[in-house]
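Q: model this:
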Amino acid sequence: MKAKSLLIRGATFVVGAGWVLAFLLPTEVGGGLDRHGMYAPDLVGERLFYTTGTRSAGSLSAHKKGAFIAMLDLGNVSLRRRAFSPSPLRRDDFNGALRPRVLRTESGFAMLYIGVGYDGRNRLCLAVSEDGVEWQPRSEAVFSPHEAATVGEFRPYSVVADAGGFRLLYTAWHEGRSVILDARSDDLVTWQPGEGVVVRAEEGEVFDSLQLLPSGEALVAIEVGDARRFVRGRIEGGALVDRAPLAVPTPAFAKRLEEVVLREGAGRFRLLVVGGDPAETPEPRFRIALYEGESLDSLAPAPGSQSDGSVVTLGEPATSTLFHDITRPASDFIQVVMTFGVGMGLISLLALHGRRAVKGPRRGFSTLVVGSLAAMVVVQFAHRSGAPSPLWGRFNDLLFYNIQQSIGGTMFGLLAAYLLSAAYRAFRVRSFDALVLAAVASLIILAQVPTAQFVTSLVAPGAAESAAAIDAAVQAPRNFLLTVANDAVQRAVGFGVFVGAIAMALRVWLSLDERASLE
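A: From the prediction side, this is the model:
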């Protein structure tokens, strides 16, 4: 028994420590700034802005979480630096920043970019700079399209300046077909969505990106099945007409082309080509090539390009801390243990209530538990296997939506009374900890709704504008408490629950918990 106990404690400690360290410590140390590749570029003068990541994507694909924006001077490629890093204090690029688009403004430069928020969703964010080197990101996103239009992934977009201000175009889905939507802004901060579809793809096509050119044409990346092609054309009547394929030069490193960005002006064309080799070892990485010429038919690699065609060599590889490699087998081990734990718990549940249903003092409740479990299992197997059946679909809706959710709502209603009682006891300020808890809870509760505007409307309706400013000011501390402080506490609690769940599953699996045994 002591050997089993030591085995459980040792396994729980090792697995739990590995996961905690994998979250708290970096997965790699050292290495160059863009050691995991360069993609999603933009070129302003001789300054190249691009996206890279702090962790390997594992395959030839773009990073999302952990991505950040860097820049380098093509006149001196040894000068590379981060434009800025994602920050936990900014909720809308909490997990990453990618795909920069840089514009010249009256006060300097403005950079639109995709921020990966605290909830994993992509939003359009804005950073400004006076010199194009030091950037100041805004604390909140400036545009977020409807989630249904982007299917949860707002990625390819283009922005141009015209007589009406600025115009944003982005790929979306409308009525089951790939389309391009737009939005307009006077200051890059407040965007008004367009009234309809700008361009609709033909049947079987998917727009991957769109870029408006100074000539009035559009450069579009179109996917048909597994093939991708780049075409130029005019937008007319909601369609892309007069299509012509763009002859994209293929650099030596690009076994697969990912993206093309065209810049024209001052009598020359500049073409950025992103691609890579999926079979590259030890890690496939995106690279960027730059071609220049007086016309699209006379493009040549930019001076100073590398032998493989890339504009610059990638950074030196990093040294792995091995934590990322350790967590993968640990995750597989945890799934196995949890599966056995669920199986043992199911057997224990059936044995306990099965005996009570046969000869227990309260047979009705145990019979209901066993019967409900059997009904759920049968309905799920019948509903999810084979062709869809209206009969089993109605049974599924009856059990889950009409019965289970109603019972869950009833249980929550019963628990609400206990929650209210606990909150009342916690808010009795008798210590410093209780004071902090009461102050934080009060701030979040009052900031959830426009409290200042409501109170002002009752006593001084003319001061509604000042009250709105107060409501806006309290949103920053509220967001910090919910997305930073609360997130840290939730992770700490999650670690404890996670380690405890592993220990409990092992105890049941190895029959060390007498209360969970079948005897």
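
Q: all contacts plus neighbour counts: C-alpha atoms, from now on.
A: Noted.

Q: Looks to me like residue 486 is in a strand.
A: No - Residue 486 sits outside any strand when classified using DSSP: H, G, I helix; E, B strand; the rest coil, being helix.

Q: That one: neighbour count?
A: 13 (other CA atoms under 10 Å).

Q: How about residue 386?
A: Neighbours around residue 386, by other CA under 10 Å: 8.

Q: a strand runs through it, doesn't it?
A: No - applying three-state DSSP, one finds residue 386 to be coil, outside a strand.

Q: now residue 223: how far from residue 206?
A: 5 Å (CA to CA, to the nearest Å).

Q: So those two - more neighbours on which side?
A: residue 206 (21 against 16).

Q: contacting residues for that one?
A: Shown in contact with residue 206 (CA atoms under 8 Å, 6 or more residues apart in numbering): 177, 178, 179, 222, 223, 224.

Q: again, only using 7 Å
A: By CA atoms under 7 Å, 6 or more residues apart in numbering, residue 206 lies in contact with 178, 222, 223, 224.

Q: Next: residue 130.
A: Contact analysis of residue 130 by CA under 7 Å, 6+ apart lists 107, 108, 109.

Q: next one: residue 65
A: Neighbours of residue 65 in contact, by CA under 7 Å, 6+ apart: 95, 96, 116.

Q: in terms of contact, does the first one touch residue 118 like I think?
A: This points to residue 95. Yes - contact criterion CA atoms under 7 Å: residue 95 and residue 118 qualify, at 6.2 Å.

Q: Neighbour count: these two, which is higher?
A: Applying other CA under 10 Å to residue 95 and residue 118 shows that residue 95 carries more neighbours, namely 24 against 18.

Q: related to what we said a few turns ago, so which of the contacts of residue 130 wins on neighbours?
A: Ranked by the number of neighbours (other CA under 10 Å), those place residue 109 first, at 17 neighbours.

Q: bridging residues for it?
A: For residue 109, the beta-bridge partners are residue 104, residue 129 (DSSP bridges).

Q: Now do residue 254 against residue 233, distance only.
A: In terms of CA to CA, residue 254 sits 25 Å off from residue 233.

Q: neighbour count winner among these two?
A: Counting neighbours by other CA under 10 Å for residue 254 and for residue 233 shows that residue 254 has the greater number, 22 against 19.

Q: Quick check: what element follows the helix or strand bottoming out on mean pLDDT in the chain along the chain?
A: Lowest mean confidence among the helices and strands of the chain (mean pLDDT, DSSP states H and E): helix 147-150, at a mean of 65. Sequence-wise, the next helix or strand downstream of helix 147-150 (DSSP states H and E) is strand 157-162.

Q: Packing partners of that following strand?
A: When contacts are defined as 3 or more CA pairs under 7 Å, 6 or more residues apart in numbering; DSSP states H and E, strand 157-162 packs onto strand 165-174, strand 206-212.

Q: Out of those strands, which is closest to residue 317?
A: strand 206-212 (30.4 Å; CA to CA).

Q: show me where pLDDT drops low in the stretch 151-300 of the chain?
A: The stretch 151-300 of the chain contains residues with pLDDT under 70 at 151-153.

Q: Can you show me the strands along it?
A: Taking DSSP state E, counting those that start in this stretch as the test, the strands found in the stretch 151-300 of the chain are 157-162, 165-174, 177-185, 192-193, 199-200, 206-212, 218-224, 227-236, 239-245, 256-265, 268-276, 287-293, 300-301.

Q: buried set for the third one?
A: Which is strand 177-185. Neighbour-count burial for strand 177-185 flags 178, 179, 180, 181, 182, 183, 184, 185 (criterion: 16 or more other CA atoms under 10 Å).

Q: so it versus strand 206-212, what angle?
A: Taking axes from the mean of the first three to the mean of the last three CA atoms, to 10 degrees, one finds strand 177-185 and strand 206-212 inclined to each other by 30 degrees.

Q: which helix in this structure runs the most residues?
A: In the chain, assigned by DSSP state H, the helix with the most residues is helix 323-359.

Q: buried set for that one?
A: In terms of neighbour count (16+ other CA under 10 Å), helix 323-359 has its buried residues at 323-324, 327, 330, 334, 337-338, 340-341, 344-345, 348-354, 356-357.

Q: Over to stretch 209-222?
A: The neighbour-count check on stretch 209-222 (16+ other CA under 10 Å) flags 209, 210, 211, 212, 217, 218, 219, 220, 221, 222 as buried.

Q: hey, what's the fourth one bridged with?
A: Applying DSSP bridges to residue 212 yields these beta-bridge partners: residue 218.

Q: so where's the protein shaky on pLDDT?
A: Within the chain, the stretches with pLDDT under 70 are 1, 23, 55-58, 147-153, 324, 327-328, 426-427, 506, 508-519.

Q: and the gap between residue 305 and residue 70?
A: According to CA to CA, residue 305 and residue 70 sit 19 Å apart.

Q: So for those two, which residue has more residues nearby?
A: residue 70 (23 against 16).

Q: buried stuff in stretch 360-370?
A: Neighbour counts over stretch 360-370 (16+ other CA under 10 Å) mark 366, 367, 369, 370 as buried.

Q: Now tabulate these in JSON lines and tack on distance to residue 312.
A: Listed next are the buried residues of stretch 360-370 as JSON lines, based on distance: CA to CA, whole Å:
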{"residue": "366", "distance to residue 312": "70"}
{"residue": "367", "distance to residue 312": "71"}
{"residue": "369", "distance to residue 312": "66"}
{"residue": "370", "distance to residue 312": "66"}
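
Q: just these now: which is nearest residue 434?
A: For the buried residues of stretch 360-370, the nearest to residue 434 is residue 369 (41.1 Å; CA to CA).

Q: Which strand or helix spans the closest one?
A: Using DSSP H and E, residue 369 sits within helix 363-384.

Q: chain center to that helix, what's the gap?
A: Helix 363-384 sits 37 Å away from the centroid of its parent chain (CA atoms, centre = their mean, to the nearest Å).

Q: Equivalent analysis for stretch 133-145, please.
A: 16 Å.

Q: How about stretch 425-433?
A: Chain-centre distance of stretch 425-433: 38 Å, with CA atoms, centre = their mean.

Q: Please list the residues outside it that contact it.
A: 434, 435, 438.

Q: swap in stretch 31-49?
A: Contacts to stretch 31-49, defined as CA under 7 Å, 6+ apart, come from residues 50-53, 55-56, 69-75, 99-102, 274, 285-288, 314-318.
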